[in-house]
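Q: give me a 3D structure for the following:
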Amino acid sequence: LALLENLTVTNGGRHALDGGVAQQRGCDGHLKAVQRHALPHRAAVPVVKAPGAETGFDPLYLSEFIDIKWAREAELKHGRICMLATVGYIMQEFFSLPGYPGYTPNPIEAVSSTPPEALAQIVLVLSIIEFNSNKDKWTMDTMFTDPAREPGNLGFDPLKFGENKETRERLAMAELKNGRLAMIAFSGMIHQTFVTGKPLFASLNDIFSSP
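A: Residues are numbered from 1 along each chain as shown. Sure thing, here's the model as predicted:
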């Protein structure tokens, strides 16, 4: 009787084990079927390998519907402008053209004190540079029809940094990162002036002074 009970328990355990394995296989098969019919994974990896894009940081999936080269062109241009703007923002507080009547250390006020003719001159010069560099190709579909066209490359390299192949990639990455930092920095600087109503360094005493 004991032997019969052992056989019965053993057979029952085997049936339970076989049933568990079958159930697991069924679950695995169902999972694979669901994965096959699921929507494709949306990888946040840019479609073109460009300096700075290989990190794959694209939380808004912009690279899925925006040409990465076109976006990189805009990023480089805005970064260059902001690098110049951050330097100019600081210099405005301490330096001025000799004898200039409309000088103010506040960069926000300086814009309104500048004659309209001077502002129009700045806009005209930038428009000429933009027009000549793009050669009437403005849209995302036409700007990079030429495969040799590199984002941000205007052909302006008076110091010949781009001719050194060993350092060119490193310098291009440095420009990109510094441009990104400058865009964030300029945004913070201008908002600091908006909030305090004072130039950048003059407002530091108000910000960090003890109550």
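
Q: next, count neighbours for the residue nearest to residue 163 when sequence neighbours are not counted.
A: Nearest residue to residue 163, sequence neighbours excluded (C-beta to C-beta, 6 or more residues apart in numbering): residue 157, at 7.7 Å. (Each C-beta comes from the backbone N, C-alpha and C, glycine too.) Using other C-beta atoms under 10 Å, residue 157 has 11 neighbouring residues.

Q: SS state for the nearest residue to residue 106 once chain neighbours are set aside?
A: Excluding the flanking residues, the one nearest residue 106 by C-beta to C-beta, 6+ apart is residue 199, at 5.1 Å. With DSSP: H, G, I helix; E, B strand; the rest coil as the basis, residue 199 sits in coil.

Q: and the residue nearest to residue 163, what element?
A: Using DSSP states H and E, residue 157 sits within no helix or strand.

Q: ok, now residue 119?
A: If you go by DSSP H and E, residue 119 is part of helix 116-134.

Q: tell me which helix or strand comes right after that helix.
A: helix 165-196.

Q: by mean pLDDT, which helix or strand of this protein comes out lowest?
A: helix 2-37 (a mean of 45; mean pLDDT, DSSP states H and E).

Q: got a list of what residue 140 touches?
A: Counting by C-beta atoms under 8 Å, 6 or more residues apart in numbering, residue 140 touches 66-67, 70.

Q: again, but for residue 180
A: 75, 79.

Q: let's see it at 7 Å
A: Contact analysis of residue 180 by C-beta atoms under 7 Å, 6 or more residues apart in numbering lists residue 79.

Q: where does pLDDT dip in this structure?
A: Along the chain, segments meeting pLDDT under 70 span 1-55, 211.

Q: go again using 50 as the cut-off
A: By pLDDT under 50, the weakly predicted segments of the chain are 1-18, 20-22, 24-27, 30-48, 51.

Q: what's the helix or strand for residue 77?
A: helix 68-94.

Q: flag every buried residue along that helix.
A: Neighbour-count burial for helix 68-94, counted by 16 or more other C-beta atoms under 10 Å, picks out 68-73, 75-80, 82-83, 85-86, 89, 92-93.

Q: one more: stretch 198-211?
A: The neighbour-count check on stretch 198-211 (16+ other C-beta under 10 Å) flags 198-200, 203 as buried.

Q: neighbours around residue 179, how many?
A: 20.

Q: which ones are touching it?
A: Each residue near residue 179 by C-beta under 7 Å, 6+ apart is listed here: 76, 79-80, 82-83.

Q: can you do 6 Å?
A: Residues near residue 179 by C-beta atoms under 6 Å, 6 or more residues apart in numbering: 79, 83.

Q: can you tell me how far it is from residue 104?
A: Separation of residue 179 from residue 104 (C-beta to C-beta, to the nearest Å) stands at 28 Å.

Q: go on, residue 134?
A: 35 Å.

Q: try residue 117
A: Distance, residue 117 to residue 104, by C-beta to C-beta: 18 Å.
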